[in-house]
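In: turn this into a structure:
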Amino acid sequence: MHSSHAKEFPLNKAQLEAVNSLEGPVLVVAGAGTGKTRVIEYRVLNLIQHNVEPERILLLTFTRKAARQMIDRASRHNINCQKVDGGTFHSFAYRLIQKYHKKLGFSEVFSFIDEADAEEALGLLSTQLGFRDSPPGGGRKERFPKKDTLRSILSMSFNRSEKIVDIIQKEYPQFLEVYHDIEELKDAYIKYKLERRLIDYDDMLLYLKILLEDEFIREDLSRKYQYIMVDEFQDTNKLQGEIVYLLGKSHGNILAVGDDTQSIYSFRGAYYKNMFDFPKRFPRTKIIKLEENYRSYQPILDLANAVIEEEAHKYTKVLHAVREGGEKPKLSFFKDAHDEAGWVARKIRELYNEGAALNKISVLYRSNHLSLPLQMELAKLNIPFVVYGGIRFIETAHVKDVLAFLRITHNFRDELSWHRILSLLEGVGPKTAGKIVNELAKGQGVIFEMADFKQKKFFGELTRLLNLIRLLGGEGKDVSEMLDKALDFYYPLMKDKFDDYQKRADDLKALLEVSAEYSNLSEFLADFVALEPPQRSVSEINPHAKHDELPLVLSTIHSAKGLEWDTVFVIALSDGCLPVTYALDDDEAIEEECRLLYVAVTRAKNNLYLSMHNEGFNSGISSFNKVSRFLNTKNVLAKIDSDFSRLVPENDWQSDSDEDSYDINKPYHTKSSLYRRLRSF
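Out: Below you'll find the predicted structure:
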């Protein structure tokens with residue numbers, strides 16, 4: 001229908017080819033920073049300039065904001081672009097379900113329910129089915145997931161196309177004994193929704209697919225939407241991949257844009273193999289690679305290219321910088337997390353003093369607990385920061401719980417902390433906690449003779465708690481020893497309080513690691529208090545700073561995707577942190593971890609600093625880290641500026657001695673070298 005002749009657009013050769021490929025299936029493999037948004041913007045414009053009615057164009061994205069941004073940008077060139085139909089998969093599904101609801105067997109009256117309503121329904125059904133009742137004859141019934149966890153399990157099963165039992169095995173193994181009940185609950189929930197004509201968020205995609213399987217509806221949509229574009233295709237799940245195929249099945253005029261090497265959301269159900277299935281579903285697919293990068297200097301891209309080269313299953317592409325200049329990324333090694341965090345914080349202050357804006361700097365890491373030492377160091381230097389991908393460490397419930405034990409040890413009359421830890425005991429509500437606190441204030445913890453409490457179920461646990469507080473307040477204990485004893489008491493309570501307690505345990509390990517740096521409890525608690533107040537203004541660091549300047553960004557790599565900064569620090573680059581420990585026995589998980597590092601590296605525009613620390617802390621025992629396997633190859637190390645003399649060899653550790661002369665009184669081995677040597681026997 002339309003010719004594919006060149007247009008006068010401000011695009012490079014590969015972008016222009018994608019913009020002018022209007023007919024048939026097209027897969028655009030867009031590397032990081034290569035301008036995929038411009039491709040969609042100008043392709044929308046080009047279609048309209050070829051007299052395609054804007055209402056015949058459908059743009060599917062993952063956020064409404066992204067769809068609006070692309071359409072608004074195209075509209076600057078031609079106002080008709082505003083009429084293009086753009087939105088998320090779910091908003092598109094919502095409209096079609098409303099239009100074709102009778103085909104699904106729904107009458108005029110049906111309702112969409114939000115996540116909160118879905119959780120309430122699951123909670124109600126689990127009670128009705130008796131999954132929360134005590135077994136006949138007494139005793140403790142197997143613990144059943146909370147309603148938000150049930151919703152999460154069912155949603156994961158749907159979005160990942162996995163069985164309930166497989167989800168529980170991976171994410172919530174403590175509930176394996178009740179997986180049959182959860183499967184029964186899933187069936188009951190489906191019936192519950194059908195009987196009441198309810199549709200939840202996950203149902204939308206399923207109903208959309210069911211509608212598209214109807215040939216009449218599919219042909220009707222093909223006539224309406226003659227040109228389809230899909231953004232971030234690597235993040236679609238299996239069901240969305242099938243929906244895309246059904247939408248383009250009749251005319252084949254479908255363009256998908258994505259980057260398989262930036263697929264990092266498998267935990268949400270993203271199925272990066274959709275990128276490789278697309279040419280199989282559409283055999284005439286034209287594959288166009290975008291490799292000209294407009295974001296980063298070439299040395300940063302050289303590292304990114306080397307990191308991703310190890311990927312087994314990928315569309316091979318090599319990123320080339322449009323911008324000239326730049327220095328090699330720097331890799332630094334530190335003794336422990338405290339040293340690493342201190343250096344990063346001081347380096348950020350140095351960059352700021354040299355004129356760098358804080359909001360142009362970010363620190364990235366694999367998991368939130370890895371940022372705790374840095375948060376504390378930044379607070380000491382009065383450097384304001386915002387945390388992406390989670391709330392501030394100190395604001396998490398489990399960290400507040402544990403710190404409450406230490407706060408009471410420091411100040412027995414800390415009423416708020418008493419209320420917090422007393423509420424952890426089964427059978428202690430706000431009123432009872434208030435009574436106990438009042439009695440504690442009178443008797444300094446002596447409540448054993450009081451009849452009001454002695455007959456209560458919780459009296460035994462309360463006695464243990466008071467004994468613990470006395471023990472923590474004993475002479476000669478350092479902070480990590482006190483915290484370790486508090487954690488022994490807290491872990492069983494945490495298991496009852498949080499369904500995802502295993503993930504939260506990493507935070508508490510990080511807390512224990514940080515505590516090892518302190519010999520004084522008041523100093524430890526004071527540093528945590530420094531993390532709690534609302535963010536300080538930049539003017540407190542420098543009175544001449546602009547009022548509208550934003551703070552430094554601390555972010556998980558997952559939350560940083562799609563963003564960019566002038567300077568990026570990537571910390572904790574050791575095996576067990578990136579890649580995470582639980583990925584080590586899964587080849588596909590390891591590949592995704594590698595893609596995470598690729599995403600982190602490609603966020604940097606001008607400067608990239610990589611770091612790791614050698615000594616770790618695991619279950620109270622000192623351990624020794626190895627540099628991330630994704631960095632520890634000759635090809636990758638050649639792209640990094642590093643003090644290689646400090647790089648730990650694969651089979652030995654460096655001696656503390658840097659001199660050639662032999663001194664019998666000078667230790668030859670470090671703790672780490674002895675550890676490695678002893679393990680070799």
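
In: all strands for the stretch 351-500 of the chain, in order.
Out: Secondary structure of the stretch 351-500 of the chain (DSSP state E, counting those that start in this stretch): strands at 361-365, 385-388.

In: what about the stretch 1-150 of the chain, any weak spots by pLDDT?
Out: 1-8, 109, 133-142 (pLDDT under 70).

In: quick one: the strands in it?
Out: 26-30, 57-61, 85-88, 111-112.

In: related to what we said a few turns ago, tabulate the strands of the stretch 351-500 of the chain in CSV, adding columns for mean neighbour count and distance to Val52.
Out: Using the backbone N, CA and C atoms, a C-beta is placed for each residue, glycine as well. What follows is these, written out as CSV (neighbours: other C-beta atoms under 10 Å; distance: least, C-beta to C-beta, whole Å):
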stretch, mean neighbour count, distance to Val52
strand 361-365, 26, 40
strand 385-388, 18, 39
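
In: minimum distance to Ser574: which of those has it?
Out: Shortest distance between Ser574 and the strands of the stretch 351-500 of the chain, using C-beta to C-beta, is found for strand 361-365: 11.3 Å.

In: residues making contact with the closest one?
Out: Residues outside strand 361-365 that contact it (C-beta atoms under 8 Å, 6 or more residues apart in numbering): 344, 348, 351-352, 371, 374, 552-557, 560, 563, 565-572, 577-578, 600, 603.

In: at 7 Å what do you get?
Out: Under the criterion C-beta atoms under 7 Å, 6 or more residues apart in numbering, residues 344, 348, 351, 371, 374, 552-557, 560, 565-572, 600, 603 lie in contact with strand 361-365.

In: one more: stretch 288-298?
Out: Contacts for stretch 288-298 (C-beta under 7 Å, 6+ apart): 12, 14-15, 17-18, 26, 28-36, 301, 315, 317-323, 325-326, 564, 602, 604-606.

In: so which of the contacts of strand 361-365 sit within strands?
Out: Per DSSP state E, strands hold the following members of those: Leu552, Val553, Leu554, Ser555, Thr556, Trp565, Asp566, Thr567, Val568, Phe569, Val570.

In: find the pair from these with maximum spatial separation.
Out: Distances among the ones in strands among the contacts of strand 361-365 were taken as C-beta to C-beta; the most separated pair is Thr556 and Asp566, at 19.8 Å.

In: from the contacts of strand 361-365, which would you call buried?
Out: If you count burial by 16 or more other C-beta atoms under 10 Å, the buried members of the contacts of strand 361-365 come out as 344, 348, 351, 371, 374, 552-557, 560, 565, 567-572, 600, 603.

In: is it true that Val244 touches Asp231?
Out: No: at 11.3 Å, Val244 does not count as touching Asp231 under the criterion of C-beta atoms under 7 Å.

In: now do stretch 462-472, average pLDDT.
Out: The predicted model assigns stretch 462-472 a mean pLDDT of 84.

In: what are the buried residues along it?
Out: For stretch 462-472, by 16+ other C-beta under 10 Å, it's Leu462, Leu465, Leu466, Leu468, Ile469, Leu472.

In: make a markdown table out of these and add distance to His50.
Out: Formatted as a markdown table, the buried residues of stretch 462-472 follow (distance: C-beta to C-beta, whole Å):
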| residue | distance to His50 |
| --- | --- |
| Leu462 | 77 |
| Leu465 | 74 |
| Leu466 | 79 |
| Leu468 | 75 |
| Ile469 | 76 |
| Leu472 | 75 |
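
In: which among the strands of the stretch 351-500 of the chain is found nearest to Ala93?
Out: Using C-beta to C-beta, the nearest of the strands of the stretch 351-500 of the chain to Ala93 is strand 385-388, at 28.5 Å.

In: now the strands for the stretch 151-300 of the chain?
Out: Along the stretch 151-300 of the chain, counting by DSSP E, counting those that start in this stretch, strands occupy 198-199, 227-230, 254-258, 286-290, 292-293.

In: want to throw those into JSON lines with mean neighbour count and mean pLDDT?
Out: Below are the strands of the stretch 151-300 of the chain laid out as JSON lines (neighbours: other C-beta atoms under 10 Å; pLDDT from 0 to 100):
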{"stretch": "strand 198-199", "mean neighbour count": "19", "mean pLDDT": "86"}
{"stretch": "strand 227-230", "mean neighbour count": "25", "mean pLDDT": "95"}
{"stretch": "strand 254-258", "mean neighbour count": "25", "mean pLDDT": "95"}
{"stretch": "strand 286-290", "mean neighbour count": "19", "mean pLDDT": "96"}
{"stretch": "strand 292-293", "mean neighbour count": "20", "mean pLDDT": "95"}
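
In: please identify which of these is closest to Thr88.
Out: In this view, those are compared for proximity to Thr88 by C-beta to C-beta, and strand 227-230 is the closest at 11.1 Å.
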